[in-house]
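Peer 1: I'll drop the sequence and a predicted model, then ask my questions.
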Number of protein chains: 2
Amino acid sequence: MAAPKLLLVEDDPALAELLEYRFQAEGYAVRTTADGDEALILADEDAPDLVILDWMIEGTSGIEVCRRLRRDKATAHVPIIMLTAREAEDDRVRGLETGADDYVTKPFSPRELLARVSAVLRRVRPALAGEMLEVGDLKLDPVAHRVERRGNQLSVGPTEYRLLKFFMESPGRVFSRGQLLDGVWGTGSEIEERTVDVHIRRLRKAITVGTAPDPIRTVRSAGYALEAV
Amino acid sequence: MAAPKLLLVEDDPALAELLEYRFQAEGYAVRTTADGDEALILADEDAPDLVILDWMIEGTSGIEVCRRLRRDKATAHVPIIMLTAREAEDDRVRGLETGADDYVTKPFSPRELLARVSAVLRRVRPALAGEMLEVGDLKLDPVAHRVERRGNQLSVGPTEYRLLKFFMESPGRVFSRGQLLDGVWGTGSEIEERTVDVHIRRLRKAITVGTAPDPIRTVRSAGYALEAV
DNA sequence: CATGTTTGTCGTAAAGCTGTAATATCCATG
DNA sequence: CATGGATATTACAGCTTTACGACAAACATG
């Protein structure tokens, strides 16, 4: 999973450093600036997945930064979480009206901000919040019903799709043909165990990309497993 | 524009009445209940566009209501704003982790809650807020009821329009015929699933412009999805 | 009320998928 | 290296799902 890219705009050095540290520890790629104008430049260079924006910063004000981010097509849909003083209800309302997605009032705990960032990302970019299955170079998006390998869209039939999804939910684990029949075809299916072989073959064929190695391992007299390649 | 449907779950009668009044004045269709179990029933009968959920209610707790809404496929994607006591940071974090989209801490002003509701709806259901929907080269203006593609004005029938709008609110996502019937025709419609095919074909025909590719993807034995082309 | 549009359903054609069986190949072991 | 057991591959007939065209009823519109 690519690390979600955050842009942190905060002019209190102590708070900025604390947050940067915490977010990096959680697997986010963080860039930080104390200045509104610089924030706009950074956001324009490489659009972040989410902006955390202190409302009271030097230079261009938070509200103005928010408005300009929304106006620029490249960043119009990047979610923004603003940090405001507890008392300033007006700021909060104005921020939401300007197009901020959320606010967190100071003082807040890093844990709360983390939960909020993760909630927003989950909503806006499900793929970034881990609703996507990844095993080695295989990616499966259950919402879009898509499978991709090394950037190539794969065309996978219904049964092969279910089979692959089943494997990807337990990477590395060996399943017997009986277990696969139960898990993929449904308990009590009246299907020949040998038929599994055929679908494994079809799946292997479907996920072949160039010279990439076969990620499905045959375990003689036991079953099959999907390996992270 | 159809009035956005809110479900308000609040057991303080005074607050409930106040909010109901304010939201109706702003053009929302509000249903109110004080009880968690009843909330689930109401939400299931007719999925609201947004739920405002007090964390401390009688009967089933707020967190449980939230979890169950998320678990039911029909309401899994309905945004939830929770109302919490100011001090209870744990509740807020837990709420966000459970799948709530936002929280507002008590006491709050109705104006702030209004701003937040509108912000959430704008983000999750842009069409409800009158914003332009864009997916690939398709543009849909919910206010003017117009659809255009690559500069060409398209002529789209009523049902096809609703269908397209529904798709454009969740680009890339695959919907089963049943989900489409619920979302576009309304819950509990007594229509043949095969009929969806026909409307898909009509929609495909309506959005054909020159040699532009078909943005509607058929996912065999699963449904259809609109792709950003 | 006449006219054109929209809507849901059918029947059929076309496309795609599935399970099985027959055959070839692989592999561990004596 | 021969052998028995297990897996791989191929072909195919039957089945399921989707696309398409046509139609009558319902609806809207002037």
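Peer 2: Received, thanks.
Peer 1: Check A:Ala29 and give its pLDDT.
Peer 2: pLDDT, A:Ala29: 89.
Peer 1: Looking at chain A, which helix is longest?
Peer 2: helix A:110-124 (DSSP state H).
Peer 1: And the average pLDDT for that one is what?
Peer 2: On average, helix A:110-124 scores 80.
Peer 1: for stretch A:3-21, same thing?
Peer 2: Stretch A:3-21 comes out at a mean pLDDT of 87.
Peer 1: same thing with stretch A:175-185?
Peer 2: Over the span of stretch A:175-185, the pLDDT mean works out to 95.
Peer 1: rewinding a little: so does the longest helix of chain A get close to chain B?
Peer 2: Yes. Residues of helix A:110-124 contacting chain B under C-beta under 8 Å from any C-beta of the partner chain: A:111-112, A:115-116, A:118-119, A:123-124. C-beta here means a position set from N, CA and C on the backbone, and glycine is covered the same way.
Peer 1: outside of that helix, which residues touch it?
Peer 2: For helix A:110-124, the external contacting residues (C-beta atoms under 8 Å, 6 or more residues apart in numbering or on different chains) are A:4, A:6, A:18-19, A:22-23, A:26, A:28, A:49-50, A:52, A:77, A:79, A:81, A:101-102, A:104, A:128-129, A:131, B:79, B:89, B:92-93, B:96-97, B:100-101, B:123-124.
Peer 1: so of those residues, which ones are in strands?
Peer 2: A:6, A:50, A:52, A:81, A:102, A:104 (DSSP state E).
Peer 1: and the third one, how many neighbours does it have?
Peer 2: The number of residues packed around A:Ile52, counting by other C-beta atoms under 10 Å in any protein chain shown, is 25.
Peer 1: Spell out which residues make up each domain of chain A.
Peer 2: A:5-129, A:133-226 (automatic domain parsing).
Peer 1: looking at the ones you listed, which has the lowest confidence?
Peer 2: Minimum mean pLDDT among the domains of chain A: domain A:5-129, a mean of 81.
Peer 1: restrict the contacts of helix A:110-124 to those near DNA strand C?
Peer 2: Here nothing survives when those are matched to DNA strand C using C-beta under 7 Å from any atom of the strand.
Peer 1: Filter those down to just the buried residues.
Peer 2: Neighbour-count burial (16 or more other C-beta atoms under 10 Å in any protein chain shown) is assigned, among the contacts of helix A:110-124, to A:4, A:6, A:19, A:23, A:28, A:49-50, A:52, A:79, A:81, A:101-102, A:104, A:128-129, B:79, B:89, B:92-93, B:96, B:100-101, B:123-124.
Peer 1: what about A:Phe175, distance to A:Asp101?
Peer 2: 42 Å (C-beta to C-beta, to the nearest Å).
Peer 1: How about A:Gly178?
Peer 2: Using C-beta to C-beta, one gets 48 Å for the distance from A:Gly178 to A:Asp101.
Peer 1: just A:Leu226 next, same as before
Peer 2: 37 Å.
Peer 1: Check A:Leu50 too.
Peer 2: Using C-beta to C-beta, A:Leu50 is found at 9 Å from A:Asp101.
Peer 1: tell me the contacts of A:Leu42?
Peer 2: A:7, A:31, A:33, A:48.
Peer 1: so the first one touches A:Gly36, yeah?
Peer 2: No. A:Leu7 sits out of contact with A:Gly36 when judged by C-beta atoms under 8 Å, with a separation of 11.7 Å.
Peer 1: and these two? which has more neighbours close in?
Peer 2: Neighbour totals were compared for A:Leu7 and A:Gly36, and A:Leu7 leads with 25 against 22 (other C-beta under 10 Å).
Peer 1: Any chance of the backbone angles for A:Lys73?
Peer 2: Reported as degrees, to the nearest 10, the phi and psi values for A:Lys73 are phi -60, psi -30.
Peer 1: residues from chain A in reach of chain B?
Peer 2: Counting by C-beta under 8 Å from any C-beta, chain A sits next to chain B at A:79, A:89, A:92-93, A:96-97, A:99-102, A:105, A:109, A:111-112, A:115-116, A:118-119, A:123-124, A:143-145, A:157-158.
Peer 1: Residue of chain A closest to DNA strand D, please.
Peer 2: Taking C-beta to the nearest atom of the strand as the measure, chain A has A:Thr218 as its residue closest to DNA strand D, at 3.6 Å.
Peer 1: Check whether the residue nearest to that residue when sequence neighbours are not counted sits in a helix, strand or coil.
Peer 2: In this structure, A:Thr218 finds its nearest non-sequential neighbour in A:Tyr224, 5.9 Å apart by C-beta to C-beta, 6 or more residues apart in numbering or on different chains. What DSSP: H, G, I helix; E, B strand; the rest coil gives for A:Tyr224 is strand.
Peer 1: can you tell me how far A:Pro120 sits from A:Ala16?
Peer 2: Quick fix: residue A:120 reads Val, not Pro. 20 Å.
Peer 1: Settle it for me: which of the two has more neighbours?
Peer 2: Neighbours were counted for A:Val120 and for A:Ala16 using other C-beta under 10 Å; A:Val120 has more, 22 against 19.
Peer 1: got any residues that touch both of A:Leu50 and A:Asp101?
Peer 2: Joint contacts of A:Leu50 and A:Asp101 (C-beta under 8 Å, 6+ apart) are A:79-81, A:120, A:124.
Peer 1: Could you list which of those residues also contact DNA strand D?
Peer 2: Of the shared contacts of A:Leu50 and A:Asp101, not one also sits near DNA strand D (C-beta under 7 Å from any atom of the strand).
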